[in-house]
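Asks: What would the 3D arrangement of this be:
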Amino acid sequence: MESREAEYSVQEKRLKERISKIGHPLIVMSGKGGVGKSTVAVNLAYALSLSGNMVGILDIDLHGPNIAKMLGIEKQSIFALESGIEPVEVSKNLKAVSIALSGYSPDQPIIWRGPAKSAVIRQFLSDVNWGELDYLVIDSPPGTGDEPLSACQLVPNVSGIIIVTTPQDVAILDARKSVLFAREIKIPVVGVIENMSGFICPHCHTETDIFKKGGGEKAARELKIPFLGRVPFEPEFVEFGDKGTPFVSFEHKSKSAEAFIEIVARIKEFVGDNQ
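Replies: Numbers count the residues shown, from 1 in each chain. Below you'll find the predicted structure:
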């Protein structure tokens, strides 16, 4: 028992040392699945790295880890050194860690209860050699369960929670729960992003509100939290996402990419990043 307590104490010390080197930890949440949360997390991390920041992205969606696929690094692996776990280097300024990069078969379901999931998240935070980071983007699974709660409890200096929703009433209803979750654990809400806010036709480039529009902004106003912006849906996102290419990396900036870059600027302003 004493040995286990000593090991826990050493890990706790390591965790504090690693986290102290991270400028702005951000947690990306959604009230429900299917709203494009991981797409937003990947593009947020990518856009921040393109602006010269050192960025890490940590995938704690243990039951549905998609970050590796969306970044085109699913064939690579994290590996352990004596000094800790080495993340996968996506680019010069961007590193990534996911359970999908640790040798698990993508077809193998993760069947873990809460304590096991919390232990894995703790290990990712305490043992990964992130180095000095300006931002750590943490992609959590939908809902307000063990994973986001563990991240919020283990990271003492979370800069804020970003909530992703779509315009429909049912998505807004669940997004409200994410806001109340953040308030309950006393972490600031950076704001709400309304994803899939309009569909842009690839042929005539007109925009159609197939999922309605404005629900996220209305909810933000009612909950008195910032509204970060709308990201319209463009069909080519699906193709490029499957190829592991974040849409903000396109040389030809789409309407969605431009909207996202404005959202990132608002996030940087919220955390006080004046670079």
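
Asks: Only C-alpha atoms from now on, for both contacts and neighbour counts.
Replies: Fine.

Asks: Low-confidence bits of the protein, can you list those?
Replies: Scanning the chain for pLDDT under 70 picks out 1-2, 106, 110-112, 250-253, 275.

Asks: That one: helices as residue ranges?
Replies: 2-19, 37-50, 67-70, 114-127, 146-154, 169-184, 215-223, 236-242, 255-271 (DSSP state H).

Asks: What helices and strands are in contact with the second one?
Replies: Using 3 or more Cα pairs under 8 Å, 6 or more residues apart in numbering; DSSP states H and E as the contact criterion, the neighbours of helix 37-50 among helices and strands are strand 22-30, strand 55-59, helix 67-70, strand 94-98, strand 133-139, strand 160-165, helix 255-271.

Asks: about what we covered before: nearest to residue 161, of the helices of the chain?
Replies: helix 169-184 (7.1 Å; Cα to Cα).

Asks: Sort out which residues of the closest one are buried, please.
Replies: The neighbour-count check on helix 169-184 (16 or more other Cα atoms under 10 Å) flags 171, 172, 174, 175, 176, 177, 178, 179, 181, 182 as buried.

Asks: what's the angle from it to strand 160-165?
Replies: For helix 169-184 against strand 160-165, the angle by axes from the mean of the first three to the mean of the last three Cα atoms, to 10 degrees is 170 degrees.

Asks: Just want the most central residue of the chain.
Replies: Among the residues of the chain, residue 139 comes closest to the average C-alpha position under Cα atoms, centre = their mean, at 2.9 Å.

Asks: so who does that residue touch?
Replies: By Cα atoms under 8 Å, 6 or more residues apart in numbering, residue 139 lies in contact with 27, 28, 29, 37, 38, 41, 57, 58, 59, 60, 61.

Asks: pull the longest strand from the protein.
Replies: strand 189-200 (DSSP state E).

Asks: Just list what that strand packs against, helices and strands only.
Replies: Going by 3+ Cα pairs under 8 Å, 6+ apart, strand 189-200 lies up against strand 160-165, helix 169-184, strand 207-208, helix 215-223, strand 227-233.
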